[in-house]
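Q: With the input below, show me the fold.
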Amino acid sequence: MDFEIRPVGPAEHDELGEITAQAYLRDGLLAFGDADWYLGELKDVAKRTAAADVLVAADSGRLLGGVTYVPSGGPMADLARSGEAEIRMLAVAHEARGRGVGQALVQACVDRATGSATGIVLSTQPSMRAAHRIYERLGFTRAPERDWHPLPEHPEFTLLTYELTL
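A: As a prediction, this is how the structure comes out:
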């Protein structure tokens, strides 16, 4: 691995927020309801670091991507059950894709959860096929009974759930 995984620094919040927002925008992942609201959430790294662990992949000080790790019982959890940790907002800069950055970020979350959580869970959009492959390579399995609709006014927008028992 030619990059490191570490907690995001305060001076990097804006840069990671922009990487995350651009990854979602470029991949067409914000084509639902009030996407402007969620775009603001993606950019607000300071808010996330106050409630969860935000990790980055960096190469010589240049950010390649990031992920939000929500420990068991954390306030940012959307679907974690008691004892489960949750992964949110995984994003890799377009120019850094294909280097194993996404997989390394997810593995870092699994490593954090091991020993402190019974499992780890995450949501993903159906079109995020590259991410699905990462999750499956790391042992996550689909949990269709936990799929959900975060926007009640848009029942056609479904998030798929993956889980890993630790």
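
Q: Please tell me the pLDDT value assigned to residue 45.
A: Here the pLDDT value assigned to residue 45 is 97.

Q: Can you give me the neighbour number for it?
A: Per other CB atoms under 10 Å, the neighbour tally for residue 45 reads 24. In this view, the C-beta of every residue, glycine as well, is placed from N, C-alpha and C.

Q: One more: residue 20?
A: By other CB under 10 Å, the residues close to residue 20 number 27.

Q: Now do stretch 107-121, average pLDDT.
A: On average, stretch 107-121 scores 97.

Q: what's the span of that stretch from first residue to last?
A: End-to-end distance of stretch 107-121: 13 Å, with CA to CA, to the nearest Å as the criterion.

Q: to the chain's geometric centre, what's the distance from that stretch?
A: Relative to its chain's centre, stretch 107-121 lies at 13 Å (CA atoms, centre = their mean, to the nearest Å).

Q: One more: stretch 106-124?
A: Chain-centre distance of stretch 106-124: 11 Å, with CA atoms, centre = their mean.

Q: Buried residues of it, list them for me.
A: Residues of stretch 106-124 classed as buried: 106-110, 112-113, 117, 119-124 (neighbour count, 16 or more other CB atoms under 10 Å).

Q: can you check stretch 140-150 too?
A: For stretch 140-150, by 16+ other CB under 10 Å, it's 140, 143.

Q: and if you look at stretch 125-137?
A: In stretch 125-137, counting by 16+ other CB under 10 Å, buried: 125, 128, 131-132, 134-135.

Q: Between which two of those residues is the distance greatest?
A: 125 and 134 (13.9 Å; CB to CB).

Q: residue ranges of the helices in this structure, please?
A: Under the criterion DSSP state H, the chain contains helices at 13-26, 35-43, 45-51, 101-113, 129-137.

Q: Quick check: the gap between the residue nearest to residue 68 when sequence neighbours are not counted and residue 95.
A: What sits nearest to residue 68 in space, not counting adjacent residues and going by CB to CB, 6 or more residues apart in numbering, is residue 88, at 4.3 Å. Remark: distance between residue 88 and residue 95 (CB to CB, to the nearest Å) = 23 Å.

Q: Burial check on the closest residue to residue 47 other than its chain neighbours, number of neighbours?
A: Excluding the flanking residues, the one nearest residue 47 by CB to CB, 6+ apart is residue 41, at 7.6 Å. By other CB under 10 Å, 15 other residues sit near residue 41.
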